[in-house]
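*Asks:* just the structure for this:
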Amino acid sequence: MRLEAGNGIVRVGLAPGAGGRLASLEVAGLELLRPAGPDPIRWGCYPMAPFAGRVRRGRFRFRGREYALPCRMPPHAIHGTVFDRPFEVLGPGELRCDLGPEWPFRGALHERVSVGARHVRLELVLTAEEPFPASLGWHPWFRRRLERGGSARLHLDAAAMYRRDEEGIPDGTLVPPPPGPWDDCFTGLRTTPVVEWPGALRLRLGSDATCFVVYDEPADALAVEPQTAPPDALNRMPRVVAPGRPLRLGLTLEVEGIDPP
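*Replies:* As a prediction, the model looks like this:
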């Protein structure tokens, strides 16, 4: 499914059968996203629901009961239960998916993607048929290099970063952000994050998220992930979703530095 706006420079390819993800994001003919591969965690731009990031050892407690999740990145669960599930197409850019048998509560994720002349708007709404803890996120994989321009640079100004423990999970302590490389969660953003490919374009990531996870260790790609809460939120600081009380997350990818044709 391809989406584009008339007289615009942005084109999006959606893959409803592959986790409802953006399989392609083209700006003036330049592909920004990491291409498809065998591991669904590592390509495109996909929604993370009903939890974003890792859950320690795949276990969490809710209302006095312990629950276990599949550990897709041992020893932890990671990135939710829908990134490799097929989504139902409700209309152009309108998708829906139930949370699947791996999630012990009844609910659904609704996704909307719209394209303007210079931007893509991504929206998630998580609904519940019964109360459960949750967080939401988007996981874009940006290419380090495009067909022209220099290697990607991230401009991120955050007040604090969550310290990770020996298992790679935030321990709840906020610290001043150190120099990268990172596989870390930042909060208290002072400005909107920007990914820049010098000589090609800049991409502004506007979101109502309270956190951004940055993973910039791979040589070929960069992940900048808006999330409603830090990793392991099911154990530390979940939002409780319930009938009539959905959880929402928006992300606008806005192009700078290229003029429409």
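*Asks:* phi, psi for the closest residue to Met161 other than its chain neighbours please.
*Replies:* Nearest residue to Met161 in three dimensions, chain neighbours excluded: Pro177, at 4.4 Å (Cβ to Cβ, 6 or more residues apart in numbering). Any C-beta I mention is one placed from the backbone N, CA and C, and that applies to glycine too. The phi/psi pair for Pro177 (degrees, to the nearest 10) reads phi -60, psi 130.
*Asks:* Pro177 contacts Tyr162, correct?
*Replies:* No - taking Cβ atoms under 8 Å as the definition, Pro177 is not a contact partner of Tyr162, at 10.1 Å.
*Asks:* so what sits against both of those two?
*Replies:* Contact with both Pro177 and Tyr162 is made by residues 184, 186, according to Cβ atoms under 8 Å, 6 or more residues apart in numbering.
*Asks:* looking at the two, which one has more neighbours?
*Replies:* Tyr162 (21 against 18; other Cβ atoms under 10 Å).
*Asks:* surely that one meets Pro176?
*Replies:* No - applying Cβ under 8 Å as the test, Tyr162 and Pro176 come out as separate, 11.7 Å apart.
*Asks:* how close does Leu136 get to His79?
*Replies:* Distance of Leu136 to His79, given as Cβ to Cβ, to the nearest Å: 11 Å.
*Asks:* shared neighbours, the two?
*Replies:* Common neighbours of Leu136 and His79 (Cβ under 8 Å, 6+ apart) are 48, 52.
*Asks:* tell me which of those two has more neighbours.
*Replies:* Leu136 (28 against 25).
*Asks:* who touches that one in this structure?
*Replies:* Contacts of Leu136 (Cβ under 8 Å, 6+ apart): 47-50, 52, 124, 126, 227-228, 247-249.
*Asks:* quick one: it from Thr127, how far?
*Replies:* 12 Å.
*Asks:* again with Gly64
*Replies:* Relative to Thr127, Gly64 is positioned 24 Å away (criterion: Cβ to Cβ).
*Asks:* out of these two, which sits in the busier spot?
*Replies:* The neighbour comparison of Gly64 against Thr127 (other Cβ under 10 Å) goes to Thr127, with 19 against 5.
*Asks:* what about the residue nearest to Gly188 when sequence neighbours are not counted, how many neighbours?
*Replies:* Setting aside the residues directly before and after it, Gly188 is nearest to Ala159 in space (Cβ to Cβ, 6+ apart), at 3.0 Å. Neighbour count of Ala159, defined by other Cβ under 10 Å: 12.
*Asks:* got it, and Asp165?
*Replies:* With other Cβ under 10 Å as criterion, Asp165 counts 12.
*Asks:* quick check, it in contact with Asp171.
*Replies:* Yes - counting by Cβ under 8 Å, Asp171 is a contact partner of Asp165 at 4.5 Å.
*Asks:* show me where pLDDT drops low in the stretch 151-261 of the chain?
*Replies:* 259-261 (pLDDT under 70).
*Asks:* contacts only, for Pro16.
*Replies:* 1, 86-89, 95.
*Asks:* before we move on, what about Ala77?
*Replies:* Ala77 neighbours (Cβ under 8 Å, 6+ apart): 51, 54-55, 57-58, 69-71.
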